[in-house]
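J.: this is the structure alone, sequence omitted:
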């Protein structure tokens, strides 16, 4: 659910970059673990869900929004305006030319949405299935204040941080975060990128839910098995791809 003063969800352009850290020890492990995750057509959406999107506050989304197999009636708080083609709708909440798509819109939108959801699920399984992590159970799930170098990270627990988290690497470096439970971002916590790192190469694979606290900020692609909750004033520079709702 979106419940905030301002959330910016930016349109994702799928990246073909791979880690530039090849050539170091354990090259093959690093390649298998932390190479780009192909989002397919799910990469065309800032928000993509299976069971709907709800906003209860002043919200700003840059990029497309989609939901399937549920109908457009599950996209609430947007004041949807159906396009005359019946292929998509628009909203004052979705800016920068973004469109809203749902499973019950005109052909070929339903098949387009089926493909996007399938691609989202495939991307989730890809990220979840990466092997040979570079880091296991870092901080026992408490990653507060840490600076993360590129690689594959794996936790069997919740992951949380209370104030700050930094991703440090180049524009071609990749981070994959395999989280077996929930991602919890505390109120006011901020993710920072350094060294040229870009959000398109940060993948949060979350087997539970992702919850962003009030005024918090996160960077990257959220690939979440259940729901994503944005609390008041929180923001994401990336994409919210949830297998239930946002």
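T.: That came through fine. These numbers come from a predicted model, not from an experiment.
J.: most centrally placed residue in the protein?
T.: residue 222 (2.2 Å; CA atoms, centre = their mean).
J.: show me what it is bridged to.
T.: Beta-bridge pairing for residue 222 (DSSP bridges): residue 204, residue 240.
J.: and for residue 179?
T.: Beta bridges link residue 179 to residue 155, residue 206, judged by DSSP bridges.
J.: residue 51 and residue 69: what is the separation?
T.: For residue 51, the distance to residue 69 equals 9 Å [CB to CB, to the nearest Å]. From N, CA and C alone the C-beta is placed, and that goes for glycine too.
J.: sorry, slip of the keys, the one I care about is residue 157.
T.: Applying CB to CB, the value for residue 157 to residue 69 is 32 Å.
J.: with residue 229 instead?
T.: 22 Å.
J.: worst-scoring helix or strand of the protein, pLDDT-wise?
T.: The least trusted helix or strand in the chain, going by mean pLDDT, DSSP states H and E, turns out to be helix 27-33, with a mean of 46.
J.: quick revisit: need the contact list for the residue nearest to the centre of the chain.
T.: By CB atoms under 8 Å, 6 or more residues apart in numbering, residue 222 lies in contact with 183, 204, 206, 210, 228, 236, 238, 239, 240, 241, 242.
J.: please repeat the previous calculation with a cut-off of 7 Å.
T.: 204, 206, 210, 228, 238, 239, 240, 241 (CB atoms under 7 Å, 6 or more residues apart in numbering).
J.: just to revisit the earlier point, who has more neighbours, residue 229 and residue 69?
T.: A count of neighbours by other CB atoms under 10 Å puts residue 229 above the other of residue 229 and residue 69, at 18 against 14.
J.: so the more buried one makes contact with residue 211?
T.: Yes - between residue 229 and residue 211 there is a contact under CB atoms under 7 Å: 4.6 Å.
J.: what's the average pLDDT for the longest helix that the chain contains?
T.: Across the chain, the helix with the greatest residue count (assigned by DSSP state H) is helix 109-128. For helix 109-128, the mean pLDDT works out to 98.
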